[in-house]
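Curious how this folds, go ahead:
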Amino acid sequence: MSRFDYEKVSSLLSAFITTDEAKVAEIARFISPGDEERCPCENDVCTGLRIIFATLFLLGKQELILEIYQSSVRICDGAWPCSDPTSPTYSTRAAEALREVLRHLDAHEDELFHQLQWQMRSPYFRRGKISTEQPYRLLQDEVTLPWSELSMQGKILDGQVSFVQRIKIHQDHHELQAQTEHFALKILDKRHTIDAAETSFNDEIAANQRTKHSRITPLLAAFRHRNRFYLLFPWADGGSLLDLWKKHDLHSHFPGHCPPWYSVRWMIEQCYYIADALATVHGYDSREGGHSSEAQLHLDIKPENIVCFGKPRNGNISYELKLTDFGLSKPFDRGSPQRPRQKAETKTYRPPERDLEGTKVDEMFDIWCLGCLFLDFITWALEGSGGVERFRESRLQEMDEVDVDLEFGPVQEDTFFKKRVQRWVWWWPRQFSRTIVADLKPSVISQFQHLRYLATDEPDLERFLGLVQSRMLLIDGNARATSNEVRNTMHVWKQSFTEQAVQT
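Here you go, the predicted structure:
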């Protein structure tokens, strides 16, 4: 509708109002008001009367424009659809006035009017504060989404409840001020009922709103269209951290695979920022300007949920890592941890307490997941993506003890722990007890030893390994460091990097 500016509308009006230039100018301003003029519908992105004008002009019903102009009620494009009870119509009087004008159309013209209206109507996206009363925008089924490009990212797997598309929004339909022209559109699949899908959708919107941090991908918009639920985020041009590991294999024999932006300092600093983001999610004060309105657990930390945004640095492209996907996130009270009702989606990185009876889940759930992520990250730094895959395969070969599950027996599963049966015998009175406990998989213990050997000449990585092994990947959740403690330890390292850079 940007093409129907004041000059274009004036030109079209002059074709059938030939004797009164002042009237043409007045009607043209009514149809296509300036940016400084606020419409009575109070919609900041109101199109004036451009859409209705264009439609009536195409139908050869220009005289109805004059009738709308002369109406005692101010009519704009926001008055239509005038019979849709879900439409955010600014005034029922305006809708009634438009409906009265449209009675001059015969049945065929009325059908064409409706078809042309929907072809010209497409939503406008701008970033703003999301209301708690109406957290998402409801779009009419007939509108066309203003995507000028759309591509699916990856394959949709069985049981997958959401998927992401890479889109480009027409420049006339947003002012989201993104760093790239593309966006990530997350689409929630409604596997059960609309009500259940809407509840999950609202929960994810709320989770994204609780914490603001420069290293958490911001939610730009949320809307529902044709019974599907959509979340709009900035597009991470570097893909996920898992994509980054595969694309940039530091230990490949092929030239060009070791990127100029990589260094141990870069990796540790990026991990620090993720740790600060997680500490903020958990309700601790941020050191990087983030804030949280309520403590929550992320519950799905994994390489696929760390995304990489390209940043120019010293003439090259480097990457900033950000935490994303709060689809499983839940508020929590540090004083009374609870066991989440849903099945953990972070299957590889899930902590042992998720599988053990009588245990509760608190922020230490996320600390274990973050420790797994850090250990894989260090593996990539020292052995490349091939090392990450070999580590995964070695974990996969180690199963629970045979009698842990008396019904089904052990299965191959990629986790960082394995379960065994601990038996107790009481001699008097004579009785037996059977408890399921967990241990680090031998392959994980071996990996720590192996990486320490490789990091002999990398004291920063060796120190990082020590933090992961002694404070994060501990079977006893109560013995793990809090996210606040992990972040504070890494902040000291970050400061030392800065001091070293100043000295050199």
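
need the helices for this structure, in chain order.
In the chain, the helices defined using DSSP state H lie at 6-14, 21-31, 50-58, 63-70, 92-102, 107-120, 194-210, 241-247, 264-281, 363-396, 442-454, 459-467, 483-503.

To D405, which of these lies closest?
The closest of these to D405 is helix 363-396. By C-beta to C-beta, the value is 17.6 Å. Just so you know, the C-beta spots here come from the backbone N, C-alpha and C atoms, and that holds for glycine as well.

Can you check what angle separates that closest one from helix 459-467?
Inter-element angle recorded for helix 363-396 and helix 459-467: 110 degrees (by axes from the mean of the first three to the mean of the last three C-alpha atoms, to 10 degrees).

The helices of the chain into JSON lines, with extra columns for distance to G477?
Shown next, in JSON lines, are those (distance: least, C-beta to C-beta, whole Å):
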{"stretch": "helix 6-14", "distance to G477": "66"}
{"stretch": "helix 21-31", "distance to G477": "65"}
{"stretch": "helix 50-58", "distance to G477": "58"}
{"stretch": "helix 63-70", "distance to G477": "67"}
{"stretch": "helix 92-102", "distance to G477": "57"}
{"stretch": "helix 107-120", "distance to G477": "55"}
{"stretch": "helix 194-210", "distance to G477": "22"}
{"stretch": "helix 241-247", "distance to G477": "25"}
{"stretch": "helix 264-281", "distance to G477": "16"}
{"stretch": "helix 363-396", "distance to G477": "4"}
{"stretch": "helix 442-454", "distance to G477": "16"}
{"stretch": "helix 459-467", "distance to G477": "17"}
{"stretch": "helix 483-503", "distance to G477": "13"}
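
Burial check on H298, number of neighbours?
Residues within reach of H298, counting by other C-beta atoms under 10 Å, total 28.

for it, what are its contacts?
Residues near H298 by C-beta atoms under 8 Å, 6 or more residues apart in numbering: 278, 281, 323, 326, 328-329, 366, 369.

Could you chop the protein up by domain?
Domain ranges of the chain: 6-121, 126-234, 241-503, per automatic domain parsing.

quick revisit: mind checking which of the helices of the chain is nearest L139?
The nearest among the helices of the chain, by C-beta to C-beta, is helix 107-120 at 11.4 Å.

Count residues in the vicinity of F309, would you?
18.

was I right about F417 contacting I436?
No. Applying C-beta atoms under 8 Å as the test, F417 and I436 come out as separate, 11.5 Å apart.

Compare the two (neighbour count), which wins?
Counted by other C-beta under 10 Å, F417 and I436 do not tie: F417 has more neighbours, with 23 against 18.

Specify the beta-bridge partners of that one.
L440 (DSSP bridges).

how far away is F309 from V388?
Going from F309 to V388 by C-beta to C-beta, to the nearest Å gives 22 Å.

Can you name the residues that contact R487?
So R487 contacts 272, 275-276, 278-279, 284, 287 (C-beta under 8 Å, 6+ apart).

How about F332?
Counting by C-beta under 8 Å, 6+ apart, F332 has contacts 295-297, 338, 362-363.

what's the answer for I27, then?
Contacts for I27 were tallied using C-beta under 8 Å, 6+ apart; they are 13, 17, 65-66, 69.

With distance to I205 and neighbour count added, can I get those in CSV?
Output for the contacts of I27, formatted as CSV (distance: C-beta to C-beta, whole Å; neighbours: other C-beta atoms under 10 Å):
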residue, distance to I205, neighbour count
L13, 44, 23
I17, 48, 17
I65, 40, 23
L66, 45, 14
Y69, 41, 16
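
out of the residues you listed, which one sits closest to Q165?
Nearest to Q165 out of the contacts of I27 is I65 (C-beta to C-beta; 39.2 Å).

Next up, the contacts around that closest one.
Neighbouring residues of I65 by C-beta under 8 Å, 6+ apart: 13, 27, 31, 49, 53, 56-57.

and if we set it to 6 Å?
53, 56 (C-beta atoms under 6 Å, 6 or more residues apart in numbering).

if I look at R334, how far off is R210?
The value you get for R334 to R210, if C-beta to C-beta is used, is 15 Å.

Looking at these two, which has the bigger crowd around it?
The residue with more neighbours, out of R334 and R210, is R210; 18 against 11, by other C-beta under 10 Å.

The more buried one reaches E294, doesn't it?
Yes. With contact defined as C-beta atoms under 6 Å, R210 and E294 form a contacting pair (5.1 Å).

coming back round to it: quick one: which two of the contacts of R487 are the most distant?
Longest span within the contacts of R487, C-beta to C-beta: Y272 and Y284, 14.1 Å.

ok, these two, which is more surrounded?
Y272 (24 against 20).

Let me see the contact set for that one.
490, 494.

quick one: the residue nearest to A222 when sequence neighbours are not counted from A54, how far?
Once flanking residues are discounted, A222 sits nearest to Y136: 4.0 Å by C-beta to C-beta, 6 or more residues apart in numbering. Y136 sits at a distance of 29 Å from A54 (criterion: C-beta to C-beta).
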